[in-house]
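Trainee: Need coordinates for the below:
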Amino acid sequence: MLRAVLWLAVPTLVACNPCPAGTRPYDVPLTGAQTEKYCRSEGGIVHGPYHRYDGGRLVLEGSYEFGDRSGTWTTYGPRGQIVAVQQYQADEKAGTWKQWTDDGVLISEVSYDRDLKHGPERAWYPDGTPKLKGGNVEGRRDGVWTAWYRNGRRQ
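Mentor: Numbering: from 1, shown residues only. From the prediction side, this is the model:
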């Protein structure tokens, strides 16, 4: 009977541990009510899922690959809504970064490549009115840029 109980307990423990092989989970208190949970190797390298909480509420989640931020990182607002989505590749900004108001209005969309703005960039006022539109090449503004006042008139 004891053998059967142990056999059932081991898969449960493995399934509850999201850390990659060779790492173990850490639950670290930060300032105030914030805590972070991540996986770290014996050598101190962060690898695997990352979560930050504020008073038990998830505020940030992402993933590390051998010490570098990697993939999609998502920031959550006070009601659990997504307020920012960012992409990383080898700890550098990559892909399209988006930001929303707490009410769900898209206010920023910027493309990155190798940690530099590269591609379209757009911004909106919190009411959804266009604010800025243009493009970037290797971190520098390129081409025609258009800006609008809050009332919707072009600057």
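Trainee: In this structure residue 96 contacts residue 106, no?
Mentor: No: applying CB atoms under 8 Å as the test, residue 96 and residue 106 come out as separate, 11.3 Å apart. Every residue, glycine included, has its C-beta placed from N, CA and C.
Trainee: Can you tell me how far the closest residue to residue 55 other than its chain neighbours is from residue 68?
Mentor: Computed as CB to CB, 6 or more residues apart in numbering, the closest residue to residue 55 that is not its neighbour in sequence is residue 33, at 4.1 Å. In this structure, residue 33 and residue 68 are 28 Å apart, going by CB to CB, to the nearest Å.
Trainee: which one of those two has more residues nearby?
Mentor: For residue 33 versus residue 68, the count of surrounding residues by other CB atoms under 10 Å is larger for residue 68: 15 against 11.
Trainee: ok, what's across the strand from that one?
Mentor: With DSSP bridges as the criterion, residue 68 is bridged to residue 65.
Trainee: show me the residues around it that make contact.
Mentor: Contact analysis of residue 68 by CB atoms under 8 Å, 6 or more residues apart in numbering lists 88, 90, 91.
Trainee: Name the nearest of the residues you listed relative to residue 126.
Mentor: Closest approach between the contacts of residue 68 and residue 126, by CB to CB: residue 88, at 26.4 Å.
Trainee: So the closest one sits against residue 73, correct?
Mentor: Yes: with contact defined as CB under 8 Å, residue 88 counts as touching residue 73 (6.4 Å).
Trainee: Which residues are in contact with each of these two?
Mentor: Taking CB under 8 Å, 6+ apart as the criterion, residue 88 and residue 73 both touch residue 62.
Trainee: and residue 30, how many residues sit next to it?
Mentor: Per other CB under 10 Å, the neighbour tally for residue 30 reads 11.
Trainee: Spatially nearest residue to it (excluding sequence neighbours)?
Mentor: In this structure, residue 30 finds its nearest non-sequential neighbour in residue 36, 6.1 Å apart by CB to CB, 6+ apart.
Trainee: how about the one you found, secondary structure?
Mentor: strand (DSSP: H, G, I helix; E, B strand; the rest coil).
Trainee: Could you give the bridge partners of it?
Mentor: Bridge pairing for residue 36 (DSSP bridges) gives the partners residue 28, residue 52.
Trainee: what's the pLDDT at it?
Mentor: Here, the pLDDT recorded for residue 36 equals 96.
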